[in-house]
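S.K.: Sequence first, predicted coordinates after that:
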Amino acid sequence: MSAAQPDLRQRHRTALDVLRRFRQEHLLAFWERLDDGQRGQLLDQIEALPLQLIERLDRERGAPSGSAPQPLTTVLRDSADSPHWESLGLKLVAAGEVCCFTVAGGQGTRLGYDGPKGLFPATPCTGKPLFQLFAESILGWRRRTGASIPWFVMTSPLNHAATESFFREHSWFGLGAESVRLFMQGTIPSLDDGGKMLLSAPGEIAVNPDGHGGALRALAQSGALEEMTRRGVRHISYFQVDNPLARVIDPVFLGMHAGHPGSSAEMSSKAVAKRNVAERVGVFALIDGRTAVVEYSDLSAEQSNAMDLQGHLLFGAGSIAIHAIAVDFAKKLTAEADSFALPFHRAYKKVPFIDERGVLVEPNQPNAWKLEAFIFDALPLTGRSLVVEVRREDEFAPIKNASGDDSPQSSGAAQSAQFANWLEAAGVVIPRQCDGTPDCQIEISPLRALCAADLRGKVSGLAVERGGRVTL
Ligand code: UTP
């Protein structure tokens with residue numbers, strides 16, 4: 001008999017008592033089949049469960065969600081005031097007050113890529129992985145501003161090890177291990193229709209990462225917020241791992257976030273005009289006078305179609321999940337990091353589970369509610385929050401699906417189109433098809449140029465052939 005057994009027995013009794021109170025005792029149904037190692041791991045998982053929260057979430061399922069959204073006014077990034085905001089933003093970056101933060105804990109189920117999405121080959125000519133692309137951008141901004149610009153990357157327990165190995169294998173892409181900080185987000189169990197948690201193995205509860213909204217708690221619990229303060233960082237440049245066009249540092253946006261009268265400098269956002277009524281993106285709106293993002297499924301058909309006198313959609317500012325967040329704001333929200341959580345949203349998904357006979361079932365229909373928190377739910381907690389409208393072709397070409405819209409193909413084409421515009425602005429002739437899209441593939445490393453202006457006077461004589469590929 002192992003020395004650990006009496007302890008396990010005691011922990012098992014306690015866990016069973018607690019689980020019974022929450023009607024979740026089935027999680028221990030296969031106890032007798034488990035070895036001591038598996039028993040210990042299952043108990044660790046059970047002891048860390050936020051049972052009260054889970055019970056509340058199940059109770060609140062289907063509860064009405066707040067008052068009616070009202071249209072919100074955005075401000076344009078590109079305007080006569082841009083140079084002013086750019087110089088303010090550049091000062092913040094140069095003073096070391098800005099860090100980058102990438103959320104990369106998602107499962108990427110729609111893309112179906114076997115590995116963390118940050119490893120996905122994303123660029124049009126060389127197939128550069130997303131993490132490398134962002135690392136090169138950060139290096140470019142370091143060179144330009146002389147600032148250290150630390151990079152924080154949120155992973156999940158499901159992809160942390162693979163992400164860390166990737167960074168190690170690539171020697172942290174020349175950024176220096178001390179200025180790249182990887183940390184894990186939390187997880188949350190899925191619930192079946194009866195509010196019961198599922199097992200993914202006889203000794204393991206089925207969990208998924210707790211959404212990008214889990215970032216705030218993870219930043220606090222991992223010590224990342226403290227580290228930012230120690231380094232003198234005051235603002236976080238937040239973006240998602242799957243958008244190769246994300247500007248890792250945007251001085252104009254950062255300046256607006258920090259200094260614009262419409263901003264309390266707590267949390268600001270970027271938006272793009274929705275392509276059309278049917279586009280399935282969350283939109284910015286006011287709810288009870290506060291800035292919020294409303295999911296497309298939560299707008300009525302009437303609201304989705306409503307237009308102003310100029311023919312613009314009233315709810316047409318689509319969220320592209322790019323934010324500037326003040327470190328102090330994140331600290332204020334998470335002062336009680338253990339009890340802090342943004343509201344959870346639920347989606348009915350296929351979740352493999354162990355049935356009562358102990359057999360693994362791979363459902364072919366959705367069978368359980370996955371819970372996820374969204375970072376934009378922190379917006380209503382700000383004083384005044386700015387929504388800055390940018391051009392889609394400059395900043396948003398996500399890789400979400402394996403094909404069609406928001407796929408590697410569409411994103412690669414959008415990247416190529418942006419680089420074609422940059423080259424054209426620098427005087428290079430770009431072969432184009434009848435519809436105006438470039439008839440060539442172009443990729444420019446962020447180490448070569450961070451924006452169109454960086455190419456001016458540096459690419460004269462460059463010839464781009466019809467159907468050709470150009471990598472700079
Ligand atoms: P998505 O909502 O697109 O989810 O994430 P996903 O997990 O990447 O893909 P699907 O839905 O399974 O196909 C948007 C961003 O938020 C991050 C993702 O890594 C991506 O950068 N994210 C998402 C997290 O960091 N954690 C999560 O729990 C969920």
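M.R.: Structure received.

S.K.: Determine the number of other residues adjacent to whatever residue of the chain ends up closest to the ligand.
M.R.: Nearest residue of the chain to the ligand: residue 106, at 2.4 Å (CB to the nearest ligand atom). From N, CA and C alone the C-beta is placed, and that goes for glycine too. Neighbours of residue 106 under the rule other CB atoms under 10 Å: 26.

S.K.: what's near enough to touch residue 240?
M.R.: Going by CB atoms under 8 Å, 6 or more residues apart in numbering, residue 240 touches 102, 103, 104, 212, 246, 321, 322, 398.

S.K.: ok but residue 100 is inside a strand, no?
M.R.: Yes: per DSSP: H, G, I helix; E, B strand; the rest coil, residue 100 lies within a strand segment.

S.K.: Report the beta-bridge partners for it.
M.R.: Here residue 100 sits in beta bridges with residue 151, residue 237, going by DSSP bridges.

S.K.: Can you report how many residues lie near it?
M.R.: By other CB under 10 Å, neighbour count at residue 100 equals 23.

S.K.: how much space between it and residue 439?
M.R.: 34 Å (CB to CB, to the nearest Å).

S.K.: So which bits of the lowest-mean-pLDDT helix or strand in the chain are buried?
M.R.: Scoring the helices and strands of the chain by mean pLDDT, DSSP states H and E places helix 51-59 at the bottom, with a mean of 81. Within helix 51-59, the residues scored as buried using 16 or more other CB atoms under 10 Å are 54, 55, 57, 58.

S.K.: need the contact list for the last one.
M.R.: In other words, residue 58. 191, 195.

S.K.: any idea how far residue 430 lies from residue 472?
M.R.: 13 Å.

S.K.: Now residue 246. Nearest residue, chain neighbours left out?
M.R.: Once flanking residues are discounted, residue 246 sits nearest to residue 239: 4.0 Å by CB to CB, 6 or more residues apart in numbering.

S.K.: Name the helix or strand for the one you found, please.
M.R.: Using DSSP states H and E, residue 239 falls within strand 235-240.

S.K.: does the ligand sit close to that strand?
M.R.: Yes: interface with the ligand: strand 235-240 contributes residue 240 (CB under 6 Å from any ligand atom).

S.K.: Just give me how far that strand sits from the chain centre.
M.R.: Remark: strand 235-240 is offset 9 Å from the chain centroid, using CA atoms, centre = their mean, to the nearest Å.

S.K.: count of neighbours near residue 373?
M.R.: Counted with other CB under 10 Å, residue 373 comes out at 24.

S.K.: Distance of the nearest residue to it once chain neighbours are set aside relative to residue 54?
M.R.: Nearest non-adjacent residue to residue 373, counting by CB to CB, 6+ apart: residue 213, 2.7 Å away. Counting by CB to CB, the separation of residue 213 from residue 54 is 16 Å.

S.K.: got the residues of the chain near the ligand?
M.R.: Near the ligand, when you scan the chain using CB under 6 Å from any ligand atom, you find 103-110, 117, 154, 156, 185, 209-212, 214, 240-242, 372, 400.

S.K.: quick one: the strand ranked longest in the chain to strand 235-240, angle?
M.R.: In the chain, ranked by residue count with DSSP state E as the criterion, the top strand is strand 317-326. Computed by axes from the mean of the first three to the mean of the last three CA atoms, to 10 degrees, the angle separating strand 317-326 from strand 235-240 equals 140 degrees.

S.K.: I'd like the next helix or strand past strand 317-326.
M.R.: Criterion used, DSSP H and E; the element after strand 317-326 is helix 327-333.

S.K.: And for that following helix, what's in contact with it?
M.R.: For helix 327-333, using CB under 8 Å, 6+ apart, the contacting residues are 216, 219-220, 225, 228-229, 233-236, 266-267, 340, 378, 381-382.

S.K.: Return the alpha-carbon coordinates of stretch 286-297 using CSV.
M.R.: Only the C-alpha atoms of stretch 286-297 are listed here, as CSV (Å, rounded to 0.1, in the frame of the first residue of the first chain):
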residue,chain,number,x,y,z
LEU,A,286,-23.9,51.6,-25.9
ILE,A,287,-25.7,49.6,-23.3
ASP,A,288,-27.1,51.7,-20.4
GLY,A,289,-24.8,54.5,-21.7
ARG,A,290,-21.7,52.3,-21.5
THR,A,291,-19.5,51.0,-24.3
ALA,A,292,-20.0,47.4,-25.0
VAL,A,293,-19.7,44.7,-27.7
VAL,A,294,-23.0,43.0,-28.7
GLU,A,295,-22.7,39.6,-30.4
TYR,A,296,-24.4,39.4,-33.8
SER,A,297,-26.7,36.8,-32.5
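
S.K.: Can you give me the buried ones in that stretch?
M.R.: 286, 287, 291, 292, 293, 294, 296.

S.K.: least confident pick among those residues?
M.R.: Ranked by pLDDT, these bottom out at residue 296, which has 89.

S.K.: what about the residue nearest to it when sequence neighbours are not counted, how many residues close to it?
M.R.: Spatial nearest neighbour of residue 296, excluding adjacent residues (CB to CB, 6+ apart): residue 280 at 4.9 Å. The number of residues packed near residue 280 is 11, by other CB under 10 Å.

S.K.: List the residues that contact the spatially closest residue to residue 160 that is not a sequence neighbour.
M.R.: Distances taken as CB to CB, 6+ apart put residue 184 closest to residue 160, at 5.0 Å, once the chain neighbours are dropped. Contacts for residue 184 (CB under 8 Å, 6+ apart) come out as 105, 154, 155, 156, 157, 160, 218, 222.

S.K.: where along the stretch 351-472 of the chain do the strands fall?
M.R.: 353-354, 360-361, 368-373, 387-389, 441-443, 469-471 (DSSP state E, counting those that start in this stretch).
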